[in-house]
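In: Need coordinates for the following:
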Amino acid sequence: MAATTPQPDLAHADVGIVHATAMEIDPFLARCDRVRKYTGGDYTFRGGLLGKIRVALAESGIGPKQARIATQCLIDGHSPAWIVSAGYSGALTPDMKVGDIVVASSIVDAAGTELSIDLKMPANPEAGLYVGRLLMLDRMVPTVVEKQALHQQFQAIAVDMESHVVAQICRAARIKFLAVRVISDDLSADLPKEVLHVVNSSGKVRWGAVAGAIFNRFGSIQDLWRLREQGTIAAERLATFLDGVVEQLYAASHHP
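Out: Sure thing, here's the model as predicted:
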């Protein structure tokens with residue numbers, strides 16, 4: 001009787017990744033094999049293999065409430081050894097550019113509650129790698145002036161909308177956690193004002209709102225297209241960095 005090839009266990013994961021939108025993570029998923037997708041309620045989950053490493057991903061939608069639920073579902077369904085909060089972030093310091101990577105050494109929320117992360121990773125700004133405090137808010141930060149004020153208030157280097165609650169859930173579940181974000185908007189210009197209205201909470205574009213924005217301000221199409229291009233560049237950079245991070249986390253788990 002011929003021996004059967006053992007099938008990979010895709011129910012459990014070596015590394016879990018929580019991200020808000022598909023655009024942030026699609027280039028990383030393109031590097032994975034045997035990717036499977038399923039939905040649970042308002043959330044989308046994917047699993048696959050990066051080499052021999054089992055990876056499970058939870059697409060939460062934008063914001064802390066959604067991220068909290070998606071993270072718990074990821075833990076319940078796949079029991080990963082590590083969870084990474086990955087995706088876009090906004091720069092709060094002028095030296096950071098689109099495509100730069102931010103790895104959080106701590107995360108603070110709007111109330112000033114800070115969670116430290118046991119991290120021994122040196123920064124390398126010349127290579128576009130920054131390590132420092134990450135700020136989580138429950139809203140987008142559209143203007144350069146407000147970003148500068150947030151940096152002064154919280155001494156954070158970047159802002160996102162999910163990482164703090166993901167870290168909280170992981171800490172309660174005693175799961176190792178890392179936040180890896182990529183700069184999708186820097187301090188060179190304000191975000192287009194229309195971006196607050198054309199993207200829904202799941203991260204999907206509301207095309208009716210886009211049409212209305214173009215009707216009201218024709219130049220908005222150029223601004224929104226520029227933002228999409230920045231997002232594409234940032235997602236590709238994030239994928240390259242995540243590739244190495246996932247391999248290192250897997251090695252750390254199997255060779256303590």
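In: C-alpha only now, for contacts and for neighbours.
Out: OK.
In: okay, how far is it across stretch 109-125, tip to tip?
Out: 24 Å (C-alpha to C-alpha, to the nearest Å).
In: That stretch - what's its average pLDDT?
Out: Regarding stretch 109-125, the rounded mean pLDDT is 94.
In: Show me how far that stretch is from its chain's centre.
Out: The chain centre lies 15 Å from the centre of stretch 109-125; the measure is C-alpha atoms, centre = their mean, to the nearest Å.
In: So which bits of that stretch are buried?
Out: Buried residues in stretch 109-125, counting neighbours by 16 or more other C-alpha atoms under 10 Å, are found at 109, 115, 117.
In: Out of these, the closest to residue 252 would be?
Out: The nearest member of these to residue 252, counting by C-alpha to C-alpha, is residue 117 at 15.9 Å.
In: a strand runs through residue 62, doesn't it?
Out: No - assignment of residue 62 by DSSP: H, G, I helix; E, B strand; the rest coil gives coil, placing it outside any strand.
In: Confirm for me that it is in contact with residue 21.
Out: Yes - using C-alpha atoms under 8 Å, residue 62 is in contact with residue 21, at 7.2 Å.
In: and the longest helix seen in the chain, what does it pack onto?
Out: The helix spanning the most residues in the chain, taking DSSP state H as the definition, is helix 220-254. Helices and strands touching helix 220-254, by 3 or more C-alpha pairs under 8 Å, 6 or more residues apart in numbering; DSSP states H and E, are strand 15-19, helix 22-29, strand 82-91, strand 101-109, strand 176-185, helix 207-216.
In: and these as JSON lines, adding distance to residue 123?
Out: JSON lines is the format used below for the helices and strands packed on helix 220-254 (distance: least, C-alpha to C-alpha, whole Å):
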{"stretch": "strand 15-19", "distance to residue 123": "22"}
{"stretch": "helix 22-29", "distance to residue 123": "22"}
{"stretch": "strand 82-91", "distance to residue 123": "16"}
{"stretch": "strand 101-109", "distance to residue 123": "9"}
{"stretch": "strand 176-185", "distance to residue 123": "13"}
{"stretch": "helix 207-216", "distance to residue 123": "39"}
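In: Ok, which of those comes nearest residue 125?
Out: strand 101-109 (9.2 Å).
In: List the pairing partners of the helix or strand just after that closest one within its sheet, with orientation.
Out: Using DSSP states H and E, the helix or strand that follows strand 101-109 towards the C-terminus is strand 114-116. Partners of strand 114-116 in the sheet, by DSSP bridges, are strand 101-109 (antiparallel).
In: any idea how far residue 159 is from the residue nearest the centre of the chain?
Out: Most central in the chain under C-alpha atoms, centre = their mean is residue 87, positioned 2.0 Å from the mean C-alpha point. Using C-alpha to C-alpha, one gets 11 Å for the distance from residue 87 to residue 159.
In: same thing with residue 135?
Out: Counting by C-alpha to C-alpha - residue 135 and residue 159 are separated by 5 Å.
In: about what we covered before: neighbour count winner among residue 62 and residue 21?
Out: Between residue 62 and residue 21, counting by other C-alpha atoms under 10 Å, residue 62 is the more crowded of the two (23 against 20).
In: Distance check, that one against residue 189.
Out: 22 Å.
In: cool, residue 158 as well?
Out: From residue 158 to residue 189 the distance is 15 Å (C-alpha to C-alpha).
In: of the two, who's got more company?
Out: Ranked by neighbour count (other C-alpha under 10 Å), residue 158 and residue 189 place residue 158 first, with 30 against 11.
In: mind listing what that one touches?
Out: 89, 90, 91, 92, 93, 102, 133, 134, 135, 183 (C-alpha atoms under 8 Å, 6 or more residues apart in numbering).
In: and the fifth one, how many residues sit next to it?
Out: By the other C-alpha under 10 Å criterion, the neighbourhood of residue 93 contains 19 residues.
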